[in-house]
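Colleague: Coordinates only, no sequence provided:
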């Protein structure tokens, strides 16, 4: 018969129970990972938007410079 390992308080030890025996809700780690990924994606989107604006400004400057040369 297989016996689960327990903490001093008698709670089973698994990935959702910390060393003090406090049981965390199922899916807590998945929710944290999802939030981390969403924040990473927001950061990437922000960087791409900034790059797009920078490129648009550079294109405008290049056009104006070409017009002055003509």
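Modeller: Received it, and whenever you're ready, just let me know what you need. A quick note: this is a predicted structure, and the numbers were derived from the prediction, not measured.
Colleague: where in the protein is pLDDT low?
Modeller: Low-confidence regions of the chain, defined by pLDDT under 70, span residues 1-19, 25.
Colleague: now the helices for it?
Modeller: 28-69 (DSSP state H).
Colleague: and residue 22, what does it touch?
Modeller: Residues counted as contacts of residue 22 (Cβ atoms under 8 Å, 6 or more residues apart in numbering): none. Where C-beta positions appear, they are placed from N, C-alpha and C, glycine not excepted.
Colleague: where does it fall, phi/psi-wise?
Modeller: phi -80, psi 120 (degrees, to the nearest 10).
Colleague: Same question for residue 27.
Modeller: Residue torsions, per degrees, to the nearest 10, at residue 27 are phi 80, psi 0.
Colleague: neighbours of residue 21, just the number please.
Modeller: 14 (other Cβ atoms under 10 Å).
Colleague: Give me the phi and psi angles of it.
Modeller: phi 90, psi 10.
Colleague: Starting from residue 29, give me the distance back to it.
Modeller: As for residue 21, its distance to residue 29 is 18 Å (criterion: Cβ to Cβ, to the nearest Å).
Colleague: Kindly report the same for residue 54.
Modeller: Residue 54 is 38 Å from residue 29, by Cβ to Cβ.
Colleague: what do you get for residue 37?
Modeller: Taking Cβ to Cβ, one finds residue 37 at 13 Å from residue 29.
Colleague: Next: residue 58.
Modeller: On the measure of Cβ to Cβ, residue 58 and residue 29 end up 43 Å apart.
Colleague: How about residue 67?
Modeller: Residue 67 is 57 Å from residue 29, by Cβ to Cβ.
Colleague: out of those two, which sits in the more crowded spot?
Modeller: A count of neighbours by other Cβ under 10 Å puts residue 29 above the other of residue 67 and residue 29, at 12 against 8.
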